[in-house]
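Asker: Return a 3D structure for these sequence lines:
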Amino acid sequence: MLFCGINPGRVSAAAKAHFANPRNDFWRLLHEAGFTRRLLAPAEQWEALDDGVGVTNAAHRTTPGSSDLRGADFAGSAERLEQLARDFEPVWLAFVGKEAYRGAFKERAQLGVQDRTLGPYTRLFVLPSTSPANAAVPWAERLDWFEELARASLPVARPAARAILLDRRDRVFLHRFVVPGDPGVWITPGGALEGGESLEAALRRELAEELQLPDVDLGPWVWTRRHVWFWPAHGQVYDTREQFALVRLADVRIVKPTSHDSLFAGPGAREEHRWWTIDEIERSEDEFAPRALAAHLRELIAHGSPTALVDVGR
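Answerer: Just a heads-up that it's a prediction; the model follows:
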């Protein structure tokens, strides 16, 4: 989620923090609508990133009030926001006030979802201004709009099970979906739980479907990972909570990958799969999930199964 104010006022410029005027309701509304786990002070703005929230402005010049801005102050604003959308891929870009949207795109907007999008899939939303100059809009109405945006951006919980398949040489089996313009991410086999499945039942089903492994000895559950992501085909944000089981295979020839899940990645997708050594992962410029996969594999192989699940990060 990226919020875009119109420009820094004098209080914010002096504080070097967004929405720093104590009479501005932005940070309070952000917390009340559930975007942040606690009420943040403007000086704590960087901590909002931990909740998936970023903040920027449509114009950079400091003024006593937004009415002091001129058209030239918004030169390049639309292009800069487009670049932010491409670089960081927020699911939503929310303008805090109609004038912030108008300044960037030179067109009027109503409150709520806009038809325009930016980047690969960033949707736009216009909120009421939280400035004390917008006192005609009461707190309750402002909160209603923030809560509507919160509902639209609420991720769907998606528990999942994955297998760390290791052979006798401690190589790990990974696969990825490659689409035009995107090489994809190497991941361990597995997937989401379905219809009240247990972790074990889901993992056994996924291994049978993806790798034609109907009977394997599942080892201990060793890792956990949380990943919040957007699926453009569904227009939905998912909050995936994964657990990983260790699976040792004596004969890699029994692994027979299928490609039925390539539909998941979209048109033109192809699936790649291979066995990796840890050294190869460390030398590769490809992307892996989790990102620190090599380090966690080294720890697991060197010290064995942990006594409690290890959070392996993003």
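Asker: Can you give me the neighbour number for the residue lying closest to residue 179 once chain neighbours are set aside?
Answerer: Sequence neighbours aside, residue 269 is the residue nearest to residue 179 in space, at 4.7 Å (criterion: Cβ to Cβ, 6 or more residues apart in numbering). Heads up, the C-betas are built off the backbone N, CA and C, glycines and all. Residues near residue 269, counting by other Cβ atoms under 10 Å, number 18.
Asker: Could you do residue 167 as well?
Answerer: Quick note: residue 167 (other Cβ under 10 Å) scores 15 neighbours.
Asker: who's in contact with the closest residue to it other than its chain neighbours?
Answerer: Nearest-residue entry for residue 167: residue 252, 5.0 Å, with adjacent residues in sequence omitted and distances by Cβ to Cβ, 6+ apart. Taking Cβ atoms under 8 Å, 6 or more residues apart in numbering, we find residue 252 in contact with 167, 171, 173, 275.
Asker: Now residue 252, what are its backbone angles?
Answerer: For residue 252, the backbone dihedrals (degrees, to the nearest 10) come out as phi -70, psi -10.
Asker: ok so, going back, closest to residue 50 among the contacts of residue 252?
Answerer: Residue 50 has its nearest neighbour among the contacts of residue 252 in residue 173, at 32.8 Å by Cβ to Cβ.
Asker: Dig out what that closest one forms beta bridges with.
Answerer: residue 275 (DSSP bridges).
Asker: Need the per-residue pLDDT for it.
Answerer: With respect to pLDDT, residue 173 has a value of 98.
Asker: again, but for residue 263
Answerer: Taking residue 263 on its own, its pLDDT is 49.
Asker: Please apply the same query to residue 161.
Answerer: Residue 161 carries a pLDDT value of 97.
Asker: still on that earlier bit, which of the contacts of residue 252 are buried?
Answerer: Buried residues within these, defined by neighbour count using 16 or more other Cβ atoms under 10 Å: 171, 173.
Asker: of all the contacts of residue 252, which comes closest to residue 20?
Answerer: residue 173 (51.1 Å).
Asker: Please look at the closest one and residue 187 and confirm they touch.
Answerer: No. Taking contacts as Cβ atoms under 8 Å, residue 173 lies outside contact range of residue 187: 10.4 Å.
Asker: Mind picking the one among the contacts of residue 252 that's closest to residue 243?
Answerer: So of those, ranked by how close each gets to residue 243 (Cβ to Cβ), first place is residue 173, at 17.6 Å.
Asker: Can I get stretch 12-19 in PDB, CA atoms only?
Answerer: Listed next in PDB are the C-alpha coordinates belonging to stretch 12-19 (Å, rounded to 0.1, in the frame of the first residue of the first chain):
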ATOM      1  CA  SER A  12       6.200  18.300   7.800                       C
ATOM      2  CA  ALA A  13       9.200  19.900   6.100                       C
ATOM      3  CA  ALA A  14      10.700  21.000   9.400                       C
ATOM      4  CA  ALA A  15      10.100  17.600  10.900                       C
ATOM      5  CA  LYS A  16      11.200  15.700   7.800                       C
ATOM      6  CA  ALA A  17       8.200  13.500   8.200                       C
ATOM      7  CA  HIS A  18       4.900  13.000   6.300                       C
ATOM      8  CA  PHE A  19       1.700  14.400   7.800                       C
END
